[in-house]
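Asks: give me the fold of what follows.
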Amino acid sequence: MARRRFNPDIHHRKSLRFSGRDYSWSGIYYVTICAEYRDPIFEIPELRQILEENWQALPKRFPGVTLDEFIIMPDHVHFILWLDSAREDPPTLGDVVGAYKSLTTVARAPARGCPYPLL
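Replies: Numbers count the residues shown, from 1 in each chain. This is a model prediction of the structure:
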C-alpha cells in the first residue's frame, strides 16, 4: 500500500486530547493505537508477542504506571493503564505511549516480515 503524503487541504486531523487537561495527572487512561496503514499485521504471532512483551515491561520503565486491560486486534491495540502522579517525576501519558510505540517498533526487525513500523 502506497503511503499518502499529508495534504492540509484535505487532511483536517484534530487532536482528540482535551485542551487544558494535564495528562500526567493520576487517573485511568484508555488508549487505542492503530497499526501504520491500518494493515492487519497484528495477526502475525511474532508481532503479537512483541506487543505483549513490551506492554508487560512498561511498569519496569515507568514505576508510576499500573497496567490494566490489554487487547490486540488485527490492526490496532486497546489498553487501559493507571498513572500515579504522587510519585516523584511521574510520567505523562504521552511519555508512556511514546515509549511503547518506540519499543515495539525497534523490537520488530525487517526480517520478521514487516517492512514498516508497527505503530
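Asks: now the helix or strand of the chain with the lowest mean pLDDT: buried residues?
Replies: Using mean pLDDT, DSSP states H and E, the weakest-scoring helix or strand in the chain turns out to be helix 93-107, at a mean of 92. Going by neighbour count (16 or more other Cβ atoms under 10 Å), the buried part of helix 93-107 is 93, 95-97, 99-100, 103-105, 107. (Glycine included, C-beta is placed from N, CA and C.)
Asks: need the max-distance pair from those residues.
Replies: 93 and 107 (21.3 Å; Cβ to Cβ).
Asks: let me know the closest of the buried residues of helix 93-107 to residue 75.
Replies: The closest of the buried residues of helix 93-107, once distances to residue 75 are taken by Cβ to Cβ, is residue 104, at 14.1 Å.
Asks: hang on, the earlier thing: got the buried residues of helix 93-107 as JSON lines, with distance to residue 41 columns?
Replies: Shown next, in JSON lines, are those (distance: Cβ to Cβ, whole Å):
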{"residue": "93", "distance to residue 41": "24"}
{"residue": "95", "distance to residue 41": "25"}
{"residue": "96", "distance to residue 41": "22"}
{"residue": "97", "distance to residue 41": "19"}
{"residue": "99", "distance to residue 41": "20"}
{"residue": "100", "distance to residue 41": "16"}
{"residue": "103", "distance to residue 41": "16"}
{"residue": "104", "distance to residue 41": "11"}
{"residue": "105", "distance to residue 41": "12"}
{"residue": "107", "distance to residue 41": "14"}
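Asks: and which of those is nearest to residue 66?
Replies: Set against residue 66, the nearest of those by Cβ to Cβ is residue 96 (11.0 Å).
Asks: measure the closest residue to residue 63 other than its chain neighbours to residue 60 for me?
Replies: Distance criterion Cβ to Cβ, 6 or more residues apart in numbering; nearest residue to residue 63, sequence neighbours excluded, is residue 87 at 6.3 Å. Here the criterion is Cβ to Cβ, to the nearest Å. By it, residue 87 lies 14 Å from residue 60.
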